[in-house]
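Trainee: here is a sequence together with a model predicted from it:
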Amino acid sequence: MIFALVGCGKQLAKLMIEYDLGVSTVATYKVKRIDSDFFSEDV
């Protein structure tokens, strides 16, 4: 029974995060890529 509750807790936490229920954002980050057109040799 305890193992089932642990699994339910993980699922509940996952759903809360997915749907932004009862959670708040503490930090975010940006993922960047290099713009290959910027380094074009046709200048």
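Mentor: Sure, I can see it.
Trainee: so where is the chain shaky, pLDDT-wise?
Mentor: Under the criterion of pLDDT under 70, the regions of the chain flagged as low confidence span 1-7, 42-43.
Trainee: mind running it again at 90?
Mentor: 1-11, 36-43 (pLDDT under 90).
Trainee: can you give me the helices in it?
Mentor: Secondary structure of the chain by DSSP state H: the helices cover 2-18.
Trainee: quick one: S24 and I17, what's the gap?
Mentor: Noted for S24: a distance of 11 Å to I17, by CB to CB, to the nearest Å. (Glycine included, C-beta is placed from N, CA and C.)
Trainee: who has more neighbours, the two?
Mentor: Here S24 and I17 are compared on neighbour count by other CB atoms under 10 Å; more neighbours surround I17, at 11 against 5.
Trainee: can you tell me, leaving aside adjacent residues, what's nearest to that one?
Mentor: For I17, the nearest residue in space outside its immediate sequence neighbours is V23; the separation is 5.8 Å by CB to CB, 6 or more residues apart in numbering.
Trainee: count the residues that sit near that neighbour.
Mentor: As a burial measure, the neighbour count of V23 was computed by other CB under 10 Å and equals 11.
Trainee: against Y29, how distant is it?
Mentor: V23 sits at a distance of 17 Å from Y29 (criterion: CB to CB).
Trainee: burial measure for L21, as a count.
Mentor: Under the neighbour criterion other CB under 10 Å, L21 is assigned a count of 9.
Trainee: ah, wrong one, I meant A13
Mentor: Count around A13 with other CB under 10 Å applied: 12.
Trainee: now K30
Mentor: 4.
Trainee: what of K14?
Mentor: The burial metric for K14, expressed as a neighbour count using other CB under 10 Å, is 10.
Trainee: residues in contact with it?
Mentor: By CB atoms under 8 Å, 6 or more residues apart in numbering, no residues touch K14.
Trainee: quick check: it vs C8, distance?
Mentor: In this view, K14 and C8 are 11 Å apart by CB to CB.
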